[in-house]
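Student: With the sequence up front, the predicted model follows.
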Amino acid sequence: MCDPREETLLIVDDEEINRAILANIFEKEYAIIQAEDGQAGLRAIEIHCDMLSAILLDVVMPHVNGMEVLRKLYQQGLTEKIPVFLITADAATSTMQEAYSLGVMDVILKPVVPYVVRRRVNSVVELFRARRRLGAEVERQRDQLLLQTQQMAEMSMGMVEALSTAIEFRSDESGEHVRRIHDITCHLLRTTSLGEGLTDDQIRLIGVGAVTHDVGKISIPDAVLNKRGRLTPEEFELMKTHTVKGAELLSRIPQMREHSSYQYAYDIALHHHERWDGGGYPHHLVGDETPIWTQVVSLADVYDALVSKRCYKDAFAADVAMEMILDGQCGVFNPRLLACFRRAEPVLRGLYQPLKGT
């Protein structure tokens, strides 16, 4: 690879004397490459493209003339990157019109006047150099802004995850609930047909969204959230609002909306209490109106609630919990979802085994 930092000028002319005159004008400022015709010029451009500051191109040459070279450069988009100057004795209007339409920067008539051609070429080269610097700076700033946006989104997501965990402690729970919902959801989507069509990255983002499923409980009063007895109809209606409140909370965090998991997190927070038969809330969605990933989180949430001790109940044995789910005691679920869950459940029980030595 050529060193792009070196200022290099390519002179393409079939007359050796013309090449010598132009080389003499620019040799103190540029490394000079010479080509004796258009064909040689195209080879030189292919080899040295990354380091060329400008091309001085004669029009009338054997084999491949200057206009043919210019047309090829235009087709390859190189006239946008490298300034091209026609050096010609042909002042025909048609030639000049076509040259400018193909992106040539200037047409310099022979015989050349050294100080004029130097000034015209150097001015354009400096313009291109400044444009490259500006483009590089814009690119750098764009990358920096993208990185900052991503960092802010990650920070916001981290804060929401921390809030979700804090809500579990507020509910007099260990905070492990959200981690298990994440693990159960990802396991089912990765190891069963429920995840068909989803990429590993999508499943990871769904797992992140699952962590925030109950974030709306921050709006529920402690007296209702931690009530040890059965909720009254009024209290249950209030508890049900945590789905809508959770979605609203997520939507009001600008950086959260920029996060790749937002679409999953929003739907999971809003619809994880929907049921297959439309008997859930808040929108009474039926069947696959609820996305499959939200259905998975919904079932994971129910299973974990059953096999875990809560302020209002003791933990059920895993077999009992499965019987309750399959019998419809916790609402109606997608039959396909239940079949996949039943096969995976023996593995999921491992999430609830006490640590050795405890």
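Tutor: Structure received. Residues are numbered from 1 along each chain as shown.
Student: Which parts of this protein belong to which domain?
Tutor: 8-112, 151-352 (automatic domain parsing).
Student: Next, count neighbours for Glu80.
Tutor: 11 (other C-beta atoms under 10 Å). (Each C-beta comes from the backbone N, C-alpha and C, glycine too.)
Student: Ramachandran angles for Leu57?
Tutor: phi -120, psi 120 (degrees, to the nearest 10).
Student: do you know how far His284 is from Trp293?
Tutor: 19 Å (C-beta to C-beta, to the nearest Å).
Student: ok, now Leu225?
Tutor: 26 Å.
Student: These two - which one has more neighbours?
Tutor: Trp293 (24 against 19).
Student: So that one belongs to a helix, correct?
Tutor: Yes - counting by DSSP: H, G, I helix; E, B strand; the rest coil, Trp293 falls inside a helix.
Student: OK, contacts around the nearest residue to it once chain neighbours are set aside?
Tutor: Distance criterion C-beta to C-beta, 6 or more residues apart in numbering; nearest residue to Trp293, sequence neighbours excluded, is Ile206 at 4.6 Å. Ile206 is in contact with 185-186, 189, 198, 261, 264, 268, 293, 297, counting by C-beta atoms under 8 Å, 6 or more residues apart in numbering.
Student: Tell me the pLDDT of the nearest residue to Glu80 once chain neighbours are set aside.
Tutor: Nearest non-adjacent residue to Glu80, counting by C-beta to C-beta, 6+ apart: Gly103, 6.7 Å away. pLDDT for Gly103: 90.
Student: tally of neighbours for Gly103?
Tutor: 16.
Student: That one contacts Thr79, correct?
Tutor: Yes - applying C-beta atoms under 8 Å as the test, Gly103 and Thr79 come out as touching, 3.1 Å apart.
Student: okay, and the common contacts of these two?
Tutor: 70, 73.
Student: Tell me where the model's unsure across the stretch 51-200 of the chain.
Tutor: The stretch 51-200 of the chain contains residues with pLDDT under 70 at 91, 135, 137-138, 142-175.
Student: Which residue ranges of it form helices?
Tutor: 66-75, 93-101, 114-170, 176-191, 200-211 (DSSP state H, counting those that start in this stretch).
Student: host element of Arg230?
Tutor: Secondary structure assignment for Arg230, by DSSP states H and E: no helix or strand.
Student: In space, what's closest to it - neighbours in sequence excluded?
Tutor: Nearest non-adjacent residue to Arg230 (C-beta to C-beta, 6+ apart): Tyr312, at 7.8 Å.
Student: check contacts around that neighbour.
Tutor: 227-230.
Student: hmm, 7 Å instead?
Tutor: 227-229 (C-beta atoms under 7 Å, 6 or more residues apart in numbering).
Student: and what of Glu27?
Tutor: Per C-beta under 7 Å, 6+ apart, neighbours of Glu27: none.
Student: For it, give its distance to Glu345.
Tutor: From Glu27 to Glu345 the distance is 80 Å (C-beta to C-beta).
Student: Next one, pLDDT for the most centrally placed residue in the chain please.
Tutor: With distances taken as C-alpha atoms, centre = their mean, Ser260 lies nearest the centre of the chain, 7.7 Å away. Listed pLDDT for Ser260 reads 82.
Student: isn't it right next to Leu205, touching?
Tutor: Yes - using C-beta atoms under 7 Å, Ser260 is in contact with Leu205, at 5.4 Å.
Student: Now do the buried residues in stretch 340-353.
Tutor: 340-341, 345, 348 (16 or more other C-beta atoms under 10 Å).
Student: what would those look like in JSON lines with distance to Val60 and pLDDT?
Tutor: Converted to JSON lines, the buried residues of stretch 340-353 look like this (distance: C-beta to C-beta, whole Å; pLDDT from 0 to 100):
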{"residue": "Cys340", "distance to Val60": "76", "pLDDT": "96"}
{"residue": "Phe341", "distance to Val60": "80", "pLDDT": "96"}
{"residue": "Glu345", "distance to Val60": "83", "pLDDT": "93"}
{"residue": "Leu348", "distance to Val60": "81", "pLDDT": "91"}
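Student: Closest to Leu134 out of those?
Tutor: Nearest to Leu134, judged by C-beta to C-beta, of the buried residues of stretch 340-353 is Cys340 at 55.4 Å.
Student: which residues touch the helix or strand that closest one falls within?
Tutor: Assigned by DSSP H and E, Cys340 belongs to helix 335-348. For helix 335-348, contacts defined as C-beta under 7 Å, 6+ apart pick out 184, 187-188, 191-194, 295-296, 299, 322, 326.
Student: which among those end up buried?
Tutor: Of these, these count as buried by 16+ other C-beta under 10 Å: 184, 187-188, 192, 194, 295-296, 299, 322.
Student: and which of the residues you listed is nearest Ile87?
Tutor: Leu194 (69.2 Å).
Student: Settle this for me: that closest one is touching Val296, isn't it.
Tutor: Yes - applying C-beta under 7 Å as the test, Leu194 and Val296 come out as touching, 6.0 Å apart.
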